[in-house]
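*Asks:* sharing a sequence plus its predicted fold:
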Amino acid sequence: MSEPVCKVEALTVGELPCWRLVSRHGEALVARQGAQVLRYTPHGRQPVVWLSDHAEFRRGKSLRGGVPVCWPWFGQLERNPGAVRAMVADGNAPPAHGFAREWDWREAESGTRGDAARLLLELDLPQGAPAWPHAARLTLEIVLDDALTLTLSTRNLGAEPLVISQALHTYFAVSDVRKVAVEGLDGAAYVDTLRGWNTFAQHGTLAIDAETDRIYTGIAQPIAIADPGWRRTLHIEAHASRSAVVWNPWVDKSLRLSQFAPDAWQDMICIETARVWDDLLEVAPGTTAAMAVTLRAEHWAEG
Ligand SMILES: O=P(O)(O)OC[C@H]1O[C@H](O)[C@H](O)[C@@H](O)[C@@H]1O
């Protein structure tokens with residue numbers, strides 16, 4: 001079999017302009033809308049990044065799956081610390097997870113560098129952003145080689161500090177969420193949004209056996225998903241992030257989600273590399289603050 005050619009190429013899927021990145025090791029699909037990575041699959045292997053079978057490639061709607069960019073706030077605005085809420089001029093029905101995931105970004109650079117395919121997307125603010133009247137440039141750099149690295153950078157072009165909560169809201173593909181073990185959270189504190197937003201301590205690995213929606217803080221090591229069904233470990237190496245959101249909708253919430261099959265909760269888990277809660281991102285005027293994550297699949301040796 002001939003070796004895949006490393007490249008970045010433009011294509012349209014449904015209503016959405018996209019790019020396909022190919023390296024010797026894998027392939028990724030990225031939408032201009034929201035700079036949303038939609039797929040990442042190592043050649044000949046199971047997908048690392050999960051995309052719903054019901055995902056709608058339509059303008060104006062974030063797709064269910066992939067890696068939505070949550071910015072300049074994460075989740076419901078009213079659940080954010082006051083410093084993040086204070087950045088918003090008018091709180092009328094602000095969209096969950098901010099607005100960056102639904103807007104069209106601009107291609108700044110694309111091409112190959114050695115073994116890597118690379119795409120740089122930009123979003124200039126405020127552009128009449130609903131209620132967020134601040135001058136900033138947001139960039140997402142996507143580098144595909146033997147792993148996928150996403151770097152989200154916020155440049156403050158205004159005169160006042162920016163205070164932001166954000167997440168790279170990655171949906172990971174798993175063989176069966178009931179059988180995976182999430183490693184790397186031992187000793188971290190978490191806010192359980194399903195138990196009154198109270199704080200608990202994580203002991204040992206995390207198993208998913210019910211609806212889960214937690215904000216982990218004080219994370220001191222890389223998170224990993226051990227998946228015996230697919231005999232692999234997914235490594236999530238975050239940089240400049242000490243918080244993460246772990247989410248699985250389980251049975252009942254799945255029925256209420258858009259673009260989501262009733263049983264799709266079995267096939268995915270979100271582990272979202274974040275700056276949330278007490279780990280907010282503060283960007284001084286004239287400076288840039290970056291957060292990055294590398295997603296790497298390690299396949300277990302045949303035993
Ligand atoms: O449906 P969305 O707006 O994309 O949000 C999907 C999910 O995102 C995060 O993981 C939140 O913690 C969840 O509470 C939310 O349900």
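*Replies:* Okay, I see it. Residues are numbered from 1 along each chain as shown.

*Asks:* every contact and neighbour count from this point should use C-alpha atoms.
*Replies:* OK.

*Asks:* and the ligand, is the helix ranked longest in the chain touching that?
*Replies:* Ranked by residue count, the top helix of the chain under DSSP state H comes out as helix 250-256. No: judged by Cα under 6 Å from any ligand atom, helix 250-256 makes no contact with the ligand; its nearest approach is 8.3 Å.

*Asks:* same question, stretch 48-65
*Replies:* No: contact of stretch 48-65 with the ligand (Cα under 6 Å from any ligand atom) is absent, the minimum separation being 6.7 Å.

*Asks:* just give me how far that stretch sits from the chain centre.
*Replies:* Chain-centre distance of stretch 48-65: 13 Å, with Cα atoms, centre = their mean, to the nearest Å.

*Asks:* next, the residue of the stretch 151-300 of the chain found nearest the ligand: phi, psi?
*Replies:* For the stretch 151-300 of the chain and the ligand, the shortest gap (Cα to the nearest ligand atom) falls at Trp247, measuring 4.8 Å. Torsion angles at Trp247 (phi, psi; degrees, to the nearest 10) stand at phi -140, psi 130.

*Asks:* which SSE is the residue nearest to it when sequence neighbours are not counted in?
*Replies:* Of all residues not flanking Trp247 in the chain, Asp213 sits nearest, at 4.5 Å (Cα to Cα, 6 or more residues apart in numbering). Assigned by DSSP states H and E, Asp213 falls within strand 212-217.

*Asks:* and the residue nearest to Trp247, how many residues sit next to it?
*Replies:* 19 (other Cα atoms under 10 Å).

*Asks:* might you report the residue contacts of it?
*Replies:* Asp213 makes contacts with 192-194, 245-249, as judged by Cα atoms under 8 Å, 6 or more residues apart in numbering.

*Asks:* out of those, which end up buried?
*Replies:* Burial by neighbour count, 16 or more other Cα atoms under 10 Å: within the contacts of Asp213 this picks out 192, 245-249.

*Asks:* can you tell me which two in those are farthest apart?
*Replies:* Pairwise distances across the buried ones among the contacts of Asp213 peak at 13.6 Å for Asp192 and Pro249 (criterion: Cα to Cα).

*Asks:* average pLDDT across the strand holding Asp213?
*Replies:* Taken as a whole, strand 212-217 has a mean pLDDT of 98.

*Asks:* so which residues on the stretch 151-300 of the chain come close to the ligand?
*Replies:* Taking Cα under 6 Å from any ligand atom as the contact definition, the stretch 151-300 of the chain meets the ligand at 213, 247.
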